[in-house]
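1. Dropping the sequence and predicted coords here.
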2 protein chains.
Amino acid sequence: MTKPRILITNDDGIHAPGIFALWEAMSEIGDVTVVAPNTEKSAVGHAITISDPIRIQEITRHGGFTGYSVDGTPGDCVKVAIHSILDQPPDLVVSGINMGANVGTNILYSGTVSAANLGTMLGFNSIAFSLDAIKDGDFSASKPIAQKVAKLVLKNSLPNGTLLNVNIPNCEASDIQGFQVTKQGSEFFQDWLESREDPRGRTYFWMTGKIINTDDQMDLDGFALGKNYVSLTPIHYQLTNESFLDELNTWNVK
Amino acid sequence: MTKPRILITNDDGIHAPGIFALWEAMSEIGDVTVVAPNTEKSAVGHAITISDPIRIQEITRHGGFTGYSVDGTPGDCVKVAIHSILDQPPDLVVSGINMGANVGTNILYSGTVSAANLGTMLGFNSIAFSLDAIKDGDFSASKPIAQKVAKLVLKNSLPNGTLLNVNIPNCEASDIQGFQVTKQGSEFFQDWLESREDPRGRTYFWMTGKIINTDDQMDLDGFALGKNYVSLTPIHYQLTNESFLDELNTWNVK
């Protein structure tokens, strides 16, 4: 039996630990190709590069890891891979493993989830993987989980236009409570600007903030993750608020 | 009666013609503040700046136009305005007028729509305005349209979490057929990479492509726009594919 062809990307960059873990996991179950940003591109959402030229470079890391480094966004990487690198279309697109959960409204900013969605929009089964750790994440428990989910998606297929958003607790494998199918919850990043002065006396700002989560149901992504469940959320970008169409029509704009 | 406070941003940059037209239109109906990217930031979606410092500069243009120029994304601009520039919260956030339609799946990449959604997420009535022209757009017909829609939103208010995505035909005012409440259609940008060689003999790529629209119903955004109607689409980012939850549970992942 031929191995499935798996395209791997991320938004933390091709030198991140998370993509190395995903490469290790996927290499055991498929023929993998890595195409990822040359540097960290967190919080870029669906951004693509249309006003700058894009360059591609082959790179190697330890352990046999090879890949294509792109000076663009996660979204660029998926398009570049499909249009210009892969000889045959992939059976699966995987993105991650992101350092940091992608749940609630933070999904909107996520380069990891957006890269998976680019795969979805091009017609491929796609999965986004994220680890619930801001830094110093331990990816060892993530690898068998990523393999299990990837095999299930390859076997069952996702609906057209839908990706699977997978969030993994940052704990020992033995502490993971299981898998939970979830919906996008309301967790969000309450941000503010921190003002500083540079050595030349000029003011600049850092975007900072804290995570707020008031969800209390096990079928919501951030809550299930916090209870050490692997959260599985089917995501699609059908953005019309259908329930408001009738009322908008009563505004009677002319 | 006090005038409504209106925050104006865009993704084409603070020196673009579209934001000047929007500033002219909104200045006649409200007290306006402009906070926009210092350069063009098209196709950046919900991107925000978290790994670089953000700087703010006051600028002036002709005709009395003043504003705050931010070296960040459209999303940054809304956050910066709310957190650090405005003394009081705005009654309305408007984004645009973008040079280029934002309909169908292209909404996902849109900095214009994402900026409006940042306003929405912070709890404010927000509108994205786009003109159906890639270049050399004529914004004269757009101004009364933007005023009309802004007044209606100020009067009626949008539901929590929902922005209004407004697309305006690029034609004489007399050729506009009216307003049409629409849903997000299927129009998309079929892209590919164009390979070139730089003067030093190294290969680089441009992202390019063409618009594909097979929609044929007047209640879909791109189709209505093509028929010279102003398209009004209520947009929200509730991304769960609810219809797939039951089937995903049958996968029985353990």
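-> Received it, and whenever you're ready, just let me know what you need. Numbering: from 1, shown residues only, chains lettered A, B, ... in the order given.

2. In three-state terms, label A:V166 for me.
-> Secondary structure state of A:V166, per DSSP: H, G, I helix; E, B strand; the rest coil, is strand.

3. That one contacts A:L232, doesn't it?
-> Yes. Applying CB atoms under 8 Å, one finds A:V166 in contact with A:L232, separated by 5.8 Å. No exception for glycine: its C-beta is placed from N, CA and C like everyone else's.

4. Overlap in contacts, those two.
-> Shared contacts of A:V166 and A:L232 (CB atoms under 8 Å, 6 or more residues apart in numbering or on different chains): A:V149.

5. Specify which residue of these two has the higher count of neighbours.
-> The residue with more neighbours, out of A:V166 and A:L232, is A:V166; 29 against 23, by other CB atoms under 10 Å in any protein chain shown.

6. got the contact list for that one?
-> Contacts for A:V166 (CB under 8 Å, 6+ apart) come out as A:G96, A:I127, A:A128, A:F129, A:S130, A:I145, A:A146, A:V149, A:V230, A:S231, A:L232, A:T233.

7. repeat that with 10 Å
-> By CB atoms under 10 Å, 6 or more residues apart in numbering or on different chains, the residues touching A:V166 are A:94-97, A:102, A:113, A:116, A:127-131, A:142, A:145-146, A:149-150, A:153, A:179, A:221, A:230-233.

8. Mark which of those are buried, thanks.
-> Buried members of the contacts of A:V166, scored by 16 or more other CB atoms under 10 Å in any protein chain shown, are A:94-97, A:102, A:113, A:116, A:127-131, A:142, A:145-146, A:149-150, A:153, A:179, A:221, A:230-233.

9. can you give me the strands for the stretch 51-200 of chain A?
-> Secondary structure of the stretch 51-200 of chain A (DSSP state E, counting those that start in this stretch): strands located at A:56-60, A:66-70, A:92-99, A:126-131, A:163-168, A:178-181, A:188-197.

10. in the next helix or strand after the last one, what counts as buried?
-> In other words, strand A:188-197. From strand A:188-197 onward toward the C-terminus, using DSSP states H and E, the following helix or strand is strand A:203-212. By neighbour count on 16+ other CB under 10 Å, the buried set for strand A:203-212 is A:Y204, A:F205, A:M207.

11. Run through those and flag the ones next to chain B.
-> Applying CB under 10 Å from any CB of the partner chain to the buried residues of strand A:203-212, one finds that A:Y204, A:F205, A:M207 fall near chain B.

12. now the first one: how far from B:L7?
-> Pointing back at A:Y204 there. Computed with CB to CB, to the nearest Å, the distance linking A:Y204 and B:L7 is 22 Å.

13. now the last one
-> Spatial separation of A:M207 from B:L7 under the definition CB to CB is 18 Å.

14. Serialize the strands of the stretch 51-200 of chain A to CSV and add fields for mean pLDDT.
-> Output for the strands of the stretch 51-200 of chain A, formatted as CSV (pLDDT from 0 to 100):
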stretch, mean pLDDT
strand A:56-60, 95
strand A:66-70, 97
strand A:92-99, 97
strand A:126-131, 98
strand A:163-168, 98
strand A:178-181, 97
strand A:188-197, 93
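
15. out of those, nearest to A:T33?
-> When those are compared for distance to A:T33 using CB to CB, the nearest one is strand A:66-70, at 7.6 Å.

16. Show me what that closest one is packed against.
-> strand A:5-9, helix A:17-27, strand A:31-37, strand A:56-60, helix A:74-80 (3 or more CB pairs under 10 Å, 6 or more residues apart in numbering or on different chains; DSSP states H and E).

17. Quick check: mean pLDDT of the third one?
-> With pLDDT averaged residue by residue, strand A:31-37 scores 98.

18. Does it reach chain B?
-> No. Against chain B, strand A:31-37 shows no contacts by CB under 10 Å from any CB, the least distance being 12.2 Å.

19. quick check: angle from that strand to strand A:5-9?
-> Orientation of strand A:31-37 against strand A:5-9 (axes from the mean of the first three to the mean of the last three CA atoms, to 10 degrees) gives an angle of 20 degrees.

20. Quick check: buried residues in strand A:31-37?
-> Going by neighbour count (16+ other CB under 10 Å), the buried part of strand A:31-37 is A:V32, A:T33, A:V34, A:V35, A:A36, A:P37.

21. Skipping adjacent residues, who's closest to the most centrally placed residue in chain A in space?
-> Centroid check for chain A by CA atoms, centre = their mean gives A:T112 as the closest residue, at 2.3 Å. Nearest residue to A:T112, sequence neighbours excluded (CB to CB, 6 or more residues apart in numbering or on different chains): A:N98, at 4.1 Å.

22. check contacts around that neighbour.
-> A:N98 sits next to A:10-12, A:16, A:18-19, A:22, A:42, A:74, A:110-113, A:115, A:128-133, A:137, A:167-168 when contact means CB under 10 Å, 6+ apart.

23. Likewise for A:N167?
-> Residues in contact with A:N167, defined by CB under 10 Å, 6+ apart, are A:96, A:98, A:100-103, A:107, A:128-132, A:180, A:182, A:221-222, A:224-225, A:229-233.

24. Swap in 8 Å and give it another go.
-> Counting by CB under 8 Å, 6+ apart, A:N167 makes contact with A:A101, A:N102, A:V103, A:S130, A:L131, A:D132, A:D221, A:L225, A:V230, A:S231, A:T233.
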